[in-house]
Structure formats: structure tokens, C-alpha cells
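>>> Quick one: sequence plus predicted model below, questions after.
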Amino acid sequence: MPQAPTGRGALAAGGLAATFASACCLGPLVLVAAGLSGAWIGNLTRLEPFRPVFIGAALVAMFFAYRRIDRPANECGSGEVCALPGTRRIYKIIFWIVAGLIVIAVGFPYVLPLFY
């Protein structure tokens with residue numbers, strides 16, 4: 001019996017896309033703040049042209065995750081993952097953490113000049 005989609009895949013895709021979207025700008029700052037350095041950090045700026053694509057992918061994935069996570073529990077069959085309140089709560093928490101990552105990825109290049 002196939003399981004109903006829970007939004008887990010869309011949530012993971014959104015988190016991964018948000019991470020890649022912030023790799024060009026936020027990545028070097030985090031690495032330097034963590035004590036890692038080297039000339040290779042400058043190569044992360046090559047990801048800048050792909051930033052809008054990653055942000056778009058993250059937003060699309062989050063849309064599909066939102067549709068799956070915030071649907072009413074009575075639409076889920078008994079015994080399905082989406083009918084369990086604990087699982088629904090964990091998915092909602094992860095959803096908002098990933099949404100925060102996307103906001104950071106979108107807004108960080110505008111705040112970045114304040115740090116340098």
C-alpha cells in the first residue's frame with residue numbers, strides 16, 4: 001500500500017536549495033568566522049549567478065511542503081504519518097526553520113555590507 005505524501009521530500013529540497021542559495025554570500029562569512037580560511041573560499045562566489053535559481057527552487061519546494069503539512073488531519077487516513085499530531089508538529093517546526101533559512105538567503109546580500 002503506497003504511503004500518502006507527507007511533505008518530507010519537499011521540505012528537504014527547500015532546505016537544500018536555501019543552503020545553496022546562501023553559499024555564495026553567507027558561506028564565506030560563516031567559514032571565516034569559524035576560523036577556516038584559504039584562497040578556495042573565494043571560489044564560492046562563482047555560485048552567485050545561480051542564486052536566483054536556488055531561491056526559486058526553494059520557494060517552489062516550500063509551497064508544496066506547505067500544502068502537504070498544513071492540510072487538515074481529517075484528510076489523512078488512520079495510521080498515516082500525517083494523522084499523528086507529534087509528527088505534524090515536528091514537520092511544522094522544520095518547515096519554519098527552513099523558511100527562516102530562505103529568508104536569510106534572500107536578505108543576507110543586502111545586510112552583508114554592514115558586516116564589512
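Noted; the coordinates are in hand. Numbering: from 1, shown residues only.

>>> could you point out the longest helix in this structure?
The helix that spans the most residues within the chain, counting by DSSP state H, is helix 85-111.

>>> any idea of the mean pLDDT in it?
Here helix 85-111 scores 83 as its mean pLDDT.

>>> Check the offset of that helix from the chain's centre.
In terms of CA atoms, centre = their mean, to the nearest Å, the centre of helix 85-111 is found 6 Å from the chain centre.

>>> Check which helices and strands it sits against.
With contacts taken as 3 or more CB pairs under 8 Å, 6 or more residues apart in numbering; DSSP states H and E, helix 85-111 sits against helix 8-22, helix 26-33, helix 51-69. Any C-beta I mention is one placed from the backbone N, CA and C, and that applies to glycine too.

>>> Switch those over to TSV; also include distance to Y110 and mean neighbour count.
Shown next, in TSV, are those (distance: least, CB to CB, whole Å; neighbours: other CB atoms under 10 Å):
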stretch	distance to Y110	mean neighbour count
helix 8-22	13	21
helix 26-33	12	14
helix 51-69	13	17
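
>>> Quick one: closest of the ones you listed to E75.
helix 51-69 (10.3 Å; CB to CB).

>>> so who does the residue positioned nearest the centre of the chain touch?
The residue lying closest to the centre of the chain (CA atoms, centre = their mean) is G15, at 2.3 Å. By CB atoms under 8 Å, 6 or more residues apart in numbering, the contact set of G15 is 58, 98, 101.
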